[in-house]
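In: the amino acid sequence is not available; the structure is as follows:
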DNA sequence: GGGAGTGTATGGTTTTCATCGAACACTCTG
DNA sequence: CAGAGTGTTCGATGAAAACCATACACTCCC
């Protein structure tokens, strides 16, 4: 009798400390993912589900982009009921790559 | 009678100020180009010709990589006799994207 | 339990990008 | 001026990545 609220496999996460620079740069060098990160930065943690983002791609592609963002240590995800909610890993990522997130978040 | 030392077309340059973040990130998200930038950062300006870099690609690919770096405002080139010598645009690029170059140049 | 909502996995298509070989252009030197 | 050295351009190839449609898995609510 474990206290589990979900029978789904928890998403695999990579800590920013384990991410090579090149991977971080590649993750952020995509227009859709830049949009995701920017939108995510505008709301409190755990308030945005994956499907709530305004990007011009289908569900499958969107899911793929979140996998990439997780693998780059940029996003943390947690299952909440039927939805998967997100959090931008601001501090951890900034500790590993100081200033990088700021460059992406600022609008030129 | 103009004072010209070269009849070759000067390479097209893009100033960092005119470079979108995404372009800068994409330019740096490549192992060969990271090597070029790192090696270039280790020597004084205008001392390295294109062919003098130790990267595992042919001439054509190398030329392409320098085109990308120029287009991202990372590298400036000048013809010097038969060679084309390079300069890393440290200050200009850092003014436009503070901290980004530092992230790439540090070895983790 | 059925059905709607949400997200992932799979298979296949398209696009993009790095790469190469070969041909060409320019510079210098002998 | 012929030839070596340097770098670019062109066309083609192969690999990687983005994308879609479909099918599947899980959660919640009626």
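Out: Ah, there it is. Because the structure is predicted, anything quoted here is derived from the model rather than measured.

In: dihedrals phi and psi, the residue of chain A found nearest DNA strand D?
Out: Closest approach between chain A and DNA strand D, counting by C-beta to the nearest atom of the strand: residue A:60, at 2.9 Å. For glycine as for every other residue, the C-beta is placed from the backbone atoms N, C-alpha and C. Backbone torsions of residue A:60, given as degrees, to the nearest 10, read phi -60, psi -50.

In: residues in contact with the residue nearest in space to the middle of chain A?
Out: Centroid check for chain A by C-alpha atoms, centre = their mean gives residue A:75 as the closest residue, at 2.6 Å. Counting by C-beta atoms under 8 Å, 6 or more residues apart in numbering or on different chains, residue A:75 touches A:36, A:37, A:40, A:66, A:69, A:86, A:87, A:88, A:89.

In: quick check: the fourth one is in a helix.
Out: The one in question is residue A:66. Yes - under DSSP: H, G, I helix; E, B strand; the rest coil, residue A:66 sits within a helix.

In: count of neighbours near it?
Out: Residue A:66: 19 surrounding residues under other C-beta atoms under 10 Å in any protein chain shown.

In: the residue of chain A found nearest chain B and DNA strand C, how far apart?
Out: Chain B sits closest to residue A:99 of chain A, with a gap of 3.1 Å, by C-beta to the nearest C-beta. Distance of residue A:99 to DNA strand C, computed by C-beta to the nearest atom of the strand, to the nearest Å: 23 Å.

In: per-residue confidence at that residue?
Out: If you check residue A:99, the pLDDT there is 98.

In: if we can go back for a sec, now the residue of chain A closest to DNA strand D: how far from residue A:50?
Out: Distance of residue A:60 to residue A:50, given as C-beta to C-beta, to the nearest Å: 12 Å.

In: where in chain A is pLDDT low?
Out: A:1-5 (pLDDT under 70).

In: good, wrapping up.
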